[in-house]
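*Asks:* Task: produce atomic coordinates for the following.
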Amino acid sequence: MLTERELMVLKDIIKLYTETGQPVGSKTLMTSLPIRVSSATIRNDMAALEDAGLIRKTHSSSGRVPSSAGYRYYLDNMLTPARVPEQEMQTIRQSFGNDFGRIDEIIEQSARILSNLTSYTAITLGPEVANLTLEGFRLVPLGNHQVMAIIVASDGSVQNQVFTLPRELDSDQVEKAIRIINDQLVGQSLTTVAQKLRTDVPAILMQQLQTPKGFLDAFGDVLQKAVSERFYVGGRLNLMDYFGSDNLGELKQIYRLIDRQDELNQLLDANTDGSGQRPISVRLGSELSEQSLRNLSLITARYSVNDHGQGMIAILGPKSMPYSKMIGLLEAFRTELASRLTNYYDHH
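*Replies:* The predicted structure is shown next:
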């Protein structure tokens, strides 16, 4: 059990190390602590904290830096989110602007804003696609049996992909298939559409088309793009600030991770509280499954857009980030983002 003074020392070591990036010694703490104590007393408290595994000595200095356990103790027991100044809130609101044609534009812009505000790498995910519906499907002929399949979802997002259809599929058969898709699936949720593609639709198309498989492949692939979760990453280059020339291999691994949607999804899901009791979660590098992230921290925050589902924002940065400020900022940012999205849905 830590004493009140030891807690003060731990909190100040974390604060000073976050601000300066330098190990903290007893003489520095003498001038920063809110109480007056001797350097010897502070050294005793630091020794107790070191024995508890909450701070550690560096090789190059007699000062101490927080350990992963120290950060975790601080996050779980001592942190109070900082209030975002009104001037910064005005910057956030002005950065969003007002002219958005699609939900994805808002989500993408939010990643840029968040990375600029924090100087870290920001990751944003729009509301879940469970409530999106299929608004329309078209095939645009490009010549030489190539077509562009286009899907429009209810959030205004458009997905398209170019395919080569089987030569035995003539234009009349393609038009029949498009009518069937629109008659059977428009207005249905994208998840329901995906399910029907595996069950009802192939049987119906089989009655109308001599070779339905090529058509189903085209529609199914572009639909998969529509129903997949869409992540946006801002400030990728900011990661380079935390890696030296001797660990560029780790940096490359992190870039590969954030470029692979399935791996990024797993990382963010592992960082959330399944009970839903903690909308903002922090995982330190040692708590993340990826070895390349051992010197970083990931903060995730969920936001809700009424009946339109939940989304997520996250920042990836150094383990020594100012957690009080960052968590306060994410709290305010997720509220503003949810408000923007709610306003978009109300007017579209």
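*Asks:* What's the first helix or strand after the strand or helix carrying Ser95?
*Replies:* For Ser95, the element it lies in under DSSP states H and E is helix 86-96. Counting by DSSP H and E, the element after helix 86-96 in chain order, helix or strand, is helix 103-118.
*Asks:* can you pull the buried residues of that next one?
*Replies:* 103-115, 117-118 (16 or more other CB atoms under 10 Å). Every C-beta, even on glycine, is put in place using the N, C-alpha and C of the backbone.
*Asks:* cool, stretch 165-184 as well?
*Replies:* Under 16+ other CB under 10 Å, the buried positions of stretch 165-184 are 165, 169, 173-174, 177-178, 180-181.
*Asks:* Check stretch 125-142 too.
*Replies:* Quick answer for stretch 125-142 (16+ other CB under 10 Å): 125-127, 129, 131-135, 137, 139.
*Asks:* Next: stretch 79-99.
*Replies:* Neighbour count says stretch 79-99 has 79, 81-82, 84, 89, 92, 96 buried, by 16+ other CB under 10 Å.
*Asks:* any chance of those residues in a markdown table, plus pLDDT?
*Replies:* Listed next are the buried residues of stretch 79-99 as a markdown table, based on pLDDT from 0 to 100:
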| residue | pLDDT |
| --- | --- |
| Leu79 | 94 |
| Pro81 | 94 |
| Ala82 | 94 |
| Val84 | 94 |
| Met89 | 92 |
| Ile92 | 91 |
| Phe96 | 87 |
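*Asks:* Can you pull out the residues in contact with stretch 120-128?
*Replies:* Residues outside stretch 120-128 that contact it (CB atoms under 8 Å, 6 or more residues apart in numbering): 103-104, 106-108, 110-115, 155, 229-236, 238-239, 258, 264, 268, 305, 308-317, 321, 337, 341.
*Asks:* for the stretch 151-300 of the chain, what spans make up the strands?
*Replies:* Ranges of strands within the stretch 151-300 of the chain are 158-164, 231-234, 280-284, 296-304, based on DSSP state E, counting those that start in this stretch.
*Asks:* looking at those strands, which is closest to Leu251?
*Replies:* Proximity to Leu251, assessed across those by CB to CB, is greatest for strand 296-304 (10.5 Å).
*Asks:* next helix or strand past the closest one?
*Replies:* strand 310-318.
*Asks:* after that following strand, next one along is what?
*Replies:* helix 323-347.
*Asks:* from the contacts of stretch 120-128, which would you call buried?
*Replies:* By 16+ other CB under 10 Å, those give 103-104, 106-108, 110-115, 155, 229-235, 238-239, 258, 264, 268, 305, 308, 310-317, 321, 337, 341 as buried.
*Asks:* Deepest-packed of the strands of the stretch 151-300 of the chain, please.
*Replies:* Greatest average neighbour count among these goes to strand 296-304 (a mean of 23), per mean count of other CB atoms under 10 Å.
*Asks:* mind listing what it pairs with, with the direction of each?
*Replies:* strand 280-284 (antiparallel), strand 310-318 (antiparallel) (DSSP bridges).
*Asks:* Would you map out the domains in this protein?
*Replies:* Domain ranges of the chain: 4-77, 86-128+230-347, 130-227, per automatic domain parsing.
*Asks:* weakest of the ones you listed in terms of mean pLDDT?
*Replies:* Among the domains of the chain, domain 130-227 carries the lowest mean pLDDT, at a mean of 76.
*Asks:* chain center to that domain: distance?
*Replies:* 30 Å (CA atoms, centre = their mean, to the nearest Å).
*Asks:* So that it lines up with my notes, have the first residue be 33 from now on.
*Replies:* Noted, 33 is the first residue going forward, which turns the last one into domain 162-259.
*Asks:* which pair in the buried residues of stretch 197-216 spans the largest distance?
*Replies:* Leu197 and Ile212 (15.4 Å).
*Asks:* What separation is there between the residue nearest to Gly188 when sequence neighbours are not counted and Tyr152?
*Replies:* Distance criterion CB to CB, 6 or more residues apart in numbering; nearest residue to Gly188, sequence neighbours excluded, is Arg134 at 4.2 Å. Distance, Arg134 to Tyr152, by CB to CB, to the nearest Å: 26 Å.
*Asks:* Neighbour count for those two, which is higher?
*Replies:* With neighbours defined as other CB atoms under 10 Å, Arg134 and Tyr152 compare such that Tyr152 has more, 26 against 16.
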